[in-house]
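# After the sequence you'll find the predicted model.
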Amino acid sequence: MKKLKLRFNVPKCRLNKKGLSPLELVLSLDSKRTSIRTGKFIKPQNFDVSKQKISGKGNKELNDYMDALRNKVFQIETSIIRANLPLTLENVKDKLNDRESSNTLINLINKFDTELRKNITSGQYSESTYLKYQQSDKHIRTYLKSLGKNDITIDNVNPSFIKSYFDYLLTAMQNNSAIMILSKLKRVINYGLSFNYIVSDPFIGISFHMEKTETDYLTEAEVNRIALLEIEDKELNQIRDVFVFSCLTGLSYIDCVKLRKRDIHTGLKSRFIIKRREKTGIEQRIPLLLLPERILEKYHYTLPVPSNQKYNKKLKEIAKLAGITKELHTHVGRHTAATLLLNNKISLEAVAKILGHSGTKMTEHYAKLLDSSIETEIEDNLKYKFA
């Protein structure tokens, strides 16, 4: 076990105008050392280095102060060990100075975000990944505020905290969304464990299960109904255009945000969007149909994409105007593009390249959706007509 050592030091080279030197507390742990100013000044000739005492009349108060400070340091060391926190000079120094320990949840999140930002700069992660973690950070900060706190120490991030946080998330979102948010915190915790900021994993013994959900997509007729809507409201009209564009290209929300004219290329017979997905970095090669190209021209090749929250809210209004009962959200556009392509006999391999899938496994998921849809239609419309 690491042992904290301390001693007092009076540097003779730092005399003030009165001939007094500062009394410093020196803490040592392994090969590291830090000095802390006590704010006290003494005559250097009165300090006995070996006995760690100040000699001379009138110095009893200073010696008592040194004893009290020594005891306080060892009390802090004991409290850190008992709390299963990493024993570091930084932690001891922070507690000694009555500052909030740097080993807190928010500080850990900030450290993780800094590392994540470096990885984005080096190309290991995408900007959209960083934005997802930023959104996750907002949820944890909001939860802490609901508890009347701005931050908590790492030792308070335990299984009970994780379960309570998950219950809090469920008040604002569905089970699967809450699990996705929680998975971001889990990643931060794993980072803390790997760098010894955390001693034990608060997720151990806790399990969460994703619920099976239906992947919503629109039929060709439903896309046409939305495209042909007469919408007077400017913002709603713009959001409708962006959504229809997504349905006919398969571009995700963040890829629509990042799309620029330089991503449009002219082939031998037609025009293409050739762009790497922000999420995975895999290239998409999307044939540009007439309607989506007209939408791009309308907005001078920079789509007016609103915030994700506003987008989803306005899509509900658009669905109501079009008489569509399905729940529309940003992902429906990409799902719709996949099913429209497959429904029009485009091969799995081609659809995978258009959508920027690394293989056909994910694309096959959309093919199964179509099979299920066909079975349902036959069951509803044809089974008993030809019995």
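On my side now, so go ahead.

# Please export the C-alpha coordinates of stretch 18-38 as CSV.
Written as CSV, here are the backbone C-alpha positions of stretch 18-38 (Å, rounded to 0.1, in the frame of the first residue of the first chain):
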residue,chain,number,x,y,z
LYS,A,18,12.3,41.0,8.1
GLY,A,19,14.7,38.0,7.8
LEU,A,20,12.0,35.4,8.0
SER,A,21,11.5,32.4,5.8
PRO,A,22,8.2,30.7,4.9
LEU,A,23,7.2,27.5,6.7
GLU,A,24,6.2,25.0,4.1
LEU,A,25,4.5,21.6,4.4
VAL,A,26,6.1,19.0,2.0
LEU,A,27,4.0,15.9,1.1
SER,A,28,5.6,12.9,-0.6
LEU,A,29,3.9,9.8,-2.2
ASP,A,30,6.0,7.3,-4.1
SER,A,31,8.3,9.3,-6.2
LYS,A,32,6.1,12.4,-6.3
ARG,A,33,6.3,15.5,-4.1
THR,A,34,4.4,18.7,-3.6
SER,A,35,4.9,21.7,-1.3
ILE,A,36,2.1,23.6,0.4
ARG,A,37,2.5,27.1,1.9
THR,A,38,1.2,27.4,5.4
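
# Touching that stretch from outside, list them.
Among residues not part of stretch 18-38, those counted as contacts by CB atoms under 8 Å, 6 or more residues apart in numbering are 2-12, 14-15, 40-44, 47, 62, 65-66, 69, 73, 87-89, 92-93, 96-97. Quick note: C-beta positions are derived from backbone N, CA and C, even for glycine.

# Selecting buried members of these in ChimeraX, what would you type?
Buried subset of the contacts of stretch 18-38, written as a ChimeraX selection, criterion 16 or more other CB atoms under 10 Å:
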select :4,6,8,10,40,41,42,43,44,47,62,66,69,73,87,88,89,92,93
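
# Just the ones in helices from the contacts of stretch 18-38, please.
62, 65-66, 69, 73, 89, 92-93, 96 (DSSP state H).

# and stretch 25-42, average pLDDT?
Stretch 25-42 carries an average pLDDT of 88.

# and if you look at stretch 71-85?
Here the average pLDDT along stretch 71-85 is 85.

# next one: stretch 112-126
Here stretch 112-126 scores 79 as its mean pLDDT.

# now do stretch 176-192
91.

# what's that stretch in contact with?
Contacts of stretch 176-192 (CB under 8 Å, 6+ apart): 108-109, 111-112, 115, 132-133, 135-136, 139-140, 154, 157, 162, 165-166, 169-170, 173, 197-198, 201-203, 208-211, 213.
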